[in-house]
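S.K.: After the sequence you'll find the predicted model.
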Amino acid sequence: MNFADYKRFLECYMGDDGFRERFDRAPAVALREAALSPECPVEFLQAIAAGCRSYNFRPVLERFSAELAELRNFAAALEESNPFTVRCRSACGGNARFEAWRERRRRANRAVLQPLYFDRSFNIAVAYELGVGCSGRCGFCCFDAPPLRENFRYTPENRGLWRGVLALFRELLGDRAGAAALYWATDPFDNPDLEKFYRDFYELNQVWPPITTRWPLRDPERSRRFAGEGREHGQPGCRFSVTERGELRRFFREFSAEEAMDWSLVLNNPESLNRYSASGRARQAEPQECQEDTTSCCLSGFLVNLCRRSVRLVSPCVPDEANPYGFHLWSEASFRDAAELERVLGGMQERFFPEGPEALPFLRLPPVWNLEIAGGRAELTSRYLVRRFEVSRQEAALLERLKRGLSRREFDREFGGELAFFGKTHGLLEMLWKSGMLSEEEESWTGSISLW
Ligand code: SF4
């Protein structure tokens, strides 16, 4: 298979309604006119195209296992050789309590976010905003970024703060500190000093995180230079967001399929078959333009704004009224320097990354789980998961109480003593805890995330 041309075929089909119409009418002619030779059966491309239209890839899975295996092997080899994806997905031993918290968040989300989408997404630990606001002004912005107001420039003072913050996260999180993004509700190419911040990041973490920018064509030579420097540092990937069909066609003229082979295009133009997560400004979009049970947030950890000197602890969730940006806000604070940030993070660790369920003041099964108990068996069902296991009468009683929720004092009174701490009831709590099935959100948290 010619991977570069196969990838460009997908981008053309997903993003350009003109190509889509021509391909559906006469596939061979459309491929020839676009100078694409994916070197795979046209029936396979047609099945992929049908999947893109319907979001149902089952027929492709059933009929084209050899082609899919080739694509999967190719993608897996790319991932394994990329230090960034390794830091996102593999175990990192830097901070056991933080790692366990991230794993509980991942498992909790597995129950409510679309598995196909969720399993593929990155899971970063820190996101740094090197500015306030974004020049993109995209109508669908899932983080509802305000207009660009300020950039964090690479002055001697800012350089000192930046390197101090990076060193702190490196010390606290170990290798996991490399699973980071240098943007969030910002566009990295808005910052004229971006490359200097990247070089420091690489020096301290030996990772060059991928970029996501809406502006690959603002200065194509900068895009090329940035991508080239990334490649030299082990990061061939860039993500470019496209918001207009004309831009997509210009992109194809500017960058050949071979040159753009390692880059992802996020096809956000109105003609695209791509769908948004229903968060931020996309909450106003038509329901058919959105993909349910997805989120644009891929951060379980710390969101740091260097201009504001603020830090937030967040994790992905299904977007809703209470969490309109698709992340749950656990805590937020400000800091003056790296030393104060260290104290802030220490406090967050104590409060939000407890070592076991004993630390929870209130024990509760999250409402996403439906509980049924019959014949000595419990069945817990969420939107995307089912868990079944045998239970004693005591455990069944505890599950019923957890469904309604009980305080630690009530737990001690009703299930206390030896049984609770050395017997099977405690084992049940441990299992639920490790599976992300005990609610950890602060019931009384009143923070606001309206202050971008
Ligand atoms: S989607 Fe990205 S580029 Fe567009 S406004 Fe939001 S942060 Fe900026």
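M.R.: That came in fine, so what should we check first?

S.K.: Where do the strands of the stretch 301-450 of the chain begin and end?
M.R.: 310-316, 327-334, 362-363, 370-374, 377-381, 386-390, 406-407 (DSSP state E, counting those that start in this stretch).

S.K.: deepest of those strands, which one?
M.R.: Ranked by mean neighbour count, the strands of the stretch 301-450 of the chain are led by strand 310-316 with a mean of 22 (mean count of other C-beta atoms under 10 Å). Every C-beta, even on glycine, is put in place using the N, C-alpha and C of the backbone.

S.K.: Looking at that strand now, give me its mean pLDDT.
M.R.: Averaged over strand 310-316, pLDDT sits at 96.

S.K.: List the strands paired with that strand, with their directions.
M.R.: In the sheet, strand 310-316 lines up against strand 299-305 (antiparallel), strand 327-334 (antiparallel) (DSSP bridges).

S.K.: picking that back up, how about the strands of the stretch 301-450 of the chain in JSON lines, adding distance to S135?
M.R.: Output for the strands of the stretch 301-450 of the chain, formatted as JSON lines (distance: least, C-beta to C-beta, whole Å):
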{"stretch": "strand 310-316", "distance to S135": "21"}
{"stretch": "strand 327-334", "distance to S135": "23"}
{"stretch": "strand 362-363", "distance to S135": "44"}
{"stretch": "strand 370-374", "distance to S135": "45"}
{"stretch": "strand 377-381", "distance to S135": "45"}
{"stretch": "strand 386-390", "distance to S135": "46"}
{"stretch": "strand 406-407", "distance to S135": "49"}
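
S.K.: For the ligand, which of those is the nearest?
M.R.: Distance to the ligand, taken as C-beta to the nearest ligand atom, is lowest for strand 327-334 among the strands of the stretch 301-450 of the chain, at 14.1 Å.

S.K.: ok, and what's touching the closest one?
M.R.: Outside strand 327-334, the residues that touch it by C-beta atoms under 8 Å, 6 or more residues apart in numbering are 295, 297, 299, 308-317, 323, 344, 347-348, 351-352, 441-442, 445, 447, 449.

S.K.: Give me the buried subset of the residues you listed.
M.R.: 295, 297, 299, 308-317, 323, 344, 348, 352, 441, 449 (16 or more other C-beta atoms under 10 Å).

S.K.: just the residues of the stretch 101-250 of the chain that are near the ligand, which are they?
M.R.: C134, G136, R137, C138, C141, F143, A145, A185, D187, R214, S241 (C-beta under 6 Å from any ligand atom).

S.K.: Restrict stretch 251-264 to CA atoms and write it as CSV.
M.R.: What follows is stretch 251-264, C-alpha atoms only, in CSV (Å, rounded to 0.1, in the frame of the first residue of the first chain):
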residue,chain,number,x,y,z
PHE,A,251,-2.8,22.9,1.8
PHE,A,252,-2.7,20.1,-0.8
ARG,A,253,-1.1,22.4,-3.4
GLU,A,254,1.5,23.6,-0.8
PHE,A,255,2.5,20.3,0.7
SER,A,256,2.7,17.1,-1.3
ALA,A,257,1.3,13.8,0.0
GLU,A,258,4.8,12.6,0.7
GLU,A,259,5.8,15.7,2.6
ALA,A,260,2.6,15.7,4.7
MET,A,261,2.8,11.9,5.3
ASP,A,262,3.4,12.2,9.0
TRP,A,263,1.1,15.1,9.7
SER,A,264,-2.5,14.8,10.7
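
S.K.: who are the neighbours in contact with A4?
M.R.: A257, E258, A260, M261.

S.K.: Mind picking the two most distant members of the residues you listed?
M.R.: E258 and A260 (7.6 Å; C-beta to C-beta).

S.K.: Quote the end-to-end distance of stretch 401-411.
M.R.: 9 Å (C-alpha to C-alpha, to the nearest Å).

S.K.: For the stretch 301-450 of the chain, which segments count as helices?
M.R.: Remark: helices assigned in the stretch 301-450 of the chain by DSSP state H, counting those that start in this stretch are 338-352, 393-404, 408-415, 418-422, 424-434.

S.K.: what's the spacing between the second one and its chain's center?
M.R.: Going by C-alpha atoms, centre = their mean, to the nearest Å, the spacing between the C-alpha centre of helix 393-404 and its chain's C-alpha centre is 34 Å.

S.K.: What residues of that helix count as buried?
M.R.: Those would be Q394, E395, A396, L398, L399, R401, L402, K403, for helix 393-404 by 16+ other C-beta under 10 Å.

S.K.: Now distance to R105 and pLDDT too, for the residues you listed, in CSV please.
M.R.: Shown next, in CSV, are those (distance: C-beta to C-beta, whole Å; pLDDT from 0 to 100):
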residue, distance to R105, pLDDT
Q394, 29, 88
E395, 25, 90
A396, 28, 93
L398, 23, 92
L399, 22, 95
R401, 24, 94
L402, 19, 94
K403, 21, 94
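
S.K.: ok, so of these, who is nearest A338?
M.R.: L402 (40.8 Å).

S.K.: In contact with that closest one, which residues are there?
M.R.: L363, R364, L365, L432, L438.

S.K.: Show me which of those are buried.
M.R.: Judged by 16+ other C-beta under 10 Å, buried ones among the contacts of L402: L363, R364, L365, L432, L438.

S.K.: From those, pick the one nearest A181.
M.R.: Nearest member of the buried ones among the contacts of L402 to A181, counting by C-beta to C-beta, is L438, at 29.1 Å.

S.K.: Let me know the helix or strand that M14 is in.
M.R.: helix 3-15 (DSSP states H and E).

S.K.: Same question for S223.
M.R.: helix 220-232.

S.K.: what's the spacing between the closest residue to the ligand within the chain and Y154?
M.R.: Nearest residue of the chain to the ligand: G136, at 2.7 Å (C-beta to the nearest ligand atom). Remark: distance between G136 and Y154 (C-beta to C-beta, to the nearest Å) = 22 Å.

S.K.: of the two, who's got more company?
M.R.: G136 (21 against 18; other C-beta atoms under 10 Å).

S.K.: picking that back up, looking at this, the residue of the chain closest to the ligand is in a strand?
M.R.: No - per DSSP: H, G, I helix; E, B strand; the rest coil, G136 lies outside any strand segment and is coil.

S.K.: OK, contacts around it?
M.R.: Contacts of G136 by C-beta under 8 Å, 6+ apart are A145, D187, R214, W215, S241, T243.

S.K.: if you set the cut-off to 7 Å instead, what comes out?
M.R.: By C-beta atoms under 7 Å, 6 or more residues apart in numbering, the contact list for G136 reads A145, D187, R214.

S.K.: Secondary structure element holding L173?
M.R.: Using DSSP H and E, L173 falls in helix 156-173.

S.K.: what's the helix or strand that that helix is followed by packed up against?
M.R.: Counting by DSSP H and E, the next helix or strand C-terminal to helix 156-173 is strand 180-181. The contact analysis (3 or more C-beta pairs under 7 Å, 6 or more residues apart in numbering; DSSP states H and E) places strand 180-181 against strand 124-129.
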